[in-house]
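Chemist: Predicted model follows, preceded by the sequence.
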Amino acid sequence: MTHRKRVAAAALTAGLLLSTAGVARAADPAAIAVDLIVARPAMLFATIAGSALFVLSLPVTAPAGMYDEALERFVTEPVNHLTGPIGE
């Protein structure tokens, strides 16, 4: 294994271990697996799509004074689910 691959593997392993800090509350391994395999990728897609929809909605929401509601719905909620504890 090359040095570059070892460094990448170590960084990936460290990132996965550090990102599982919230796992202690979730005792169900099936919930953790579903969260990591299905929910997290879906929330990543929702965050990206929501950011695009938020930008597209600005011409309508900004003049109406609903900027904060659009930001909450399209960006903040998916990010909160994406960065929440694993398995919940």
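Modeler: Everything's here; your move.

Chemist: Could you point out the longest helix of the chain?
Modeler: helix 40-64 (DSSP state H).

Chemist: name the helices or strands packed onto that helix?
Modeler: Under the contact definition 3 or more Cβ pairs under 8 Å, 6 or more residues apart in numbering; DSSP states H and E, helix 40-64 sits against helix 67-71, helix 77-82. Heads up, the C-betas are built off the backbone N, CA and C, glycines and all.

Chemist: Of those, which is nearest residue 60?
Modeler: Among the helices and strands packed on helix 40-64, helix 67-71 comes nearest to residue 60, with 8.6 Å by Cβ to Cβ.

Chemist: What lies in contact with that closest one?
Modeler: Contact with helix 67-71 is made by 54, 57-58, 61, as judged by Cβ atoms under 8 Å, 6 or more residues apart in numbering.

Chemist: one more time with 6 Å, if that's ok
Modeler: If you take Cβ atoms under 6 Å, 6 or more residues apart in numbering as the criterion, helix 67-71 is touched by 54, 57, 61.
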